[in-house]
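1. Need coordinates for the below:
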Amino acid sequence: MTDTKNRALKTAFPLTVPIMAAFAFLGLSYGILMNQAGFNFVYPFVCSLLIFAGSIEFMTIGMLATTFDPINVLLLTLIVNARHVFYGISSLERFKSCDWKKWYLIFGMCDGTFSILSNAEIPDDVDKDWFMFFVTGLIHLYWVIAATIGGIVGSFITVEINGLSFVMTALFIVLFLDRVFKEEDHFSSLAGVVISIICLIIFGSEHFILPTMLMLLIVIIGKTKQKRRERLV
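-> Numbering: from 1, shown residues only. Reported below is the predicted structural model:
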């Protein structure tokens, strides 16, 4: 491995450790649930490797156990992972110069990856493209390993796995607070909190994510245009 890749990997790894800790719990839970549903470890390994879409992977457990309905699977996946559209829009500029790596970066974009890539302060001597590639690859690797181990040990242990989803919630609260403390202008953070609360009240906990994302997109675009006009004045 070249010095460029080494520096990028060494910079990326420490930032992914919190995600690794969270994925250890969630991935193991996913693998164990797969095993308890009657699927051996190959299933969580393949699904985590090729789908890598968090909550939809948990839903595939039920899908695999019933009659295959591709239209329903497609619609459900689009609804559950609609937020990735907004991740992608905000990452267009970031991935523009990433040559072949951008295809893997697009595939590997998840909540944890997006949070790190949005908040990371990459040193000048670290290649940005390789840094993003290693962040994405490491997080993907953590999920695959944890899910596969869960699938293997699931037949040997009986544990209570309900409620472990709080791990990711706690993780993103920490990432959010870290971002708030680092930023000079808190407009985006406050807008995210206020709009999320409003949409939660109006649309309910099952349907608030998509309208929240849409409203945030409109607000951020408006704020960006305002800043550009101010710079031109």
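2. In this protein, where's the longest helix?
-> For the chain, the longest helix by residue count, based on DSSP state H, is helix 3-36.
3. Tell me where this structure has helices.
-> 3-36, 42-50, 55-64, 70-80, 83-95, 101-107, 111-119, 128-153, 166-182, 187-203, 209-232.
4. Show me the domain layout of this protein.
-> Per the record, the chain has its domains at 3-168, 183-233, by automatic domain parsing.
5. most tightly surrounded among these?
-> domain 3-168 (a mean of 17; mean count of other C-beta atoms under 10 Å). Any C-beta I mention is one placed from the backbone N, CA and C, and that applies to glycine too.
6. now the domains of the chain as a markdown table including distance to Leu177?
-> Shown next, in a markdown table, are those (distance: least, C-beta to C-beta, whole Å):
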| stretch | distance to Leu177 |
| --- | --- |
| domain 3-168 | 11 |
| domain 183-233 | 9 |
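7. Using TSV, lay out the ones you listed together with mean pLDDT.
-> Compiled in TSV, these are given as follows (pLDDT from 0 to 100):
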stretch	mean pLDDT
domain 3-168	84
domain 183-233	79
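8. and the gap between the closest residue in space to Ile145 that isn't next to it in sequence and Val46?
-> Distances taken as C-beta to C-beta, 6 or more residues apart in numbering put Gly27 closest to Ile145, at 7.2 Å, once the chain neighbours are dropped. Counting by C-beta to C-beta, to the nearest Å, the gap from Gly27 to Val46 is 14 Å.
9. and what of Ile71?
-> Here the criterion is C-beta to C-beta. By it, Ile71 lies 22 Å from Val46.
10. same question, Leu214
-> Here Leu214 is placed at a distance of 34 Å from Val46 (C-beta to C-beta).
11. on that earlier part again, hmm, the residue nearest to Ile145 is touching Ala146, no?
-> Yes: Gly27 lies in contact with Ala146 (C-beta atoms under 8 Å); the separation is 2.4 Å.
12. circling back: which strands and helices lie in contact with the longest helix of the chain?
-> Under the contact definition 3 or more C-beta pairs under 8 Å, 6 or more residues apart in numbering; DSSP states H and E, helix 3-36 sits against helix 42-50, helix 55-64, helix 111-119, helix 128-153, helix 166-182.
13. want to throw the ones you listed into CSV with distance to Ala82?
-> Shown next, in CSV, are these (distance: least, C-beta to C-beta, whole Å):
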stretch, distance to Ala82
helix 42-50, 20
helix 55-64, 11
helix 111-119, 13
helix 128-153, 20
helix 166-182, 17
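14. who touches the closest residue to Leu9 other than its chain neighbours in this structure?
-> Excluding the flanking residues, the one nearest Leu9 by C-beta to C-beta, 6+ apart is Phe134, at 4.8 Å. Phe134 makes contact with Lys5, Ala8, Leu9, Ala12, Phe13, according to C-beta atoms under 8 Å, 6 or more residues apart in numbering.
15. now Arg7, nearest residue through space, not along the chain?
-> Excluding its sequence neighbours, the residue lying closest to Arg7 (C-beta to C-beta, 6+ apart) is Val126, at 5.2 Å.
16. Thank you kindly, that will do.
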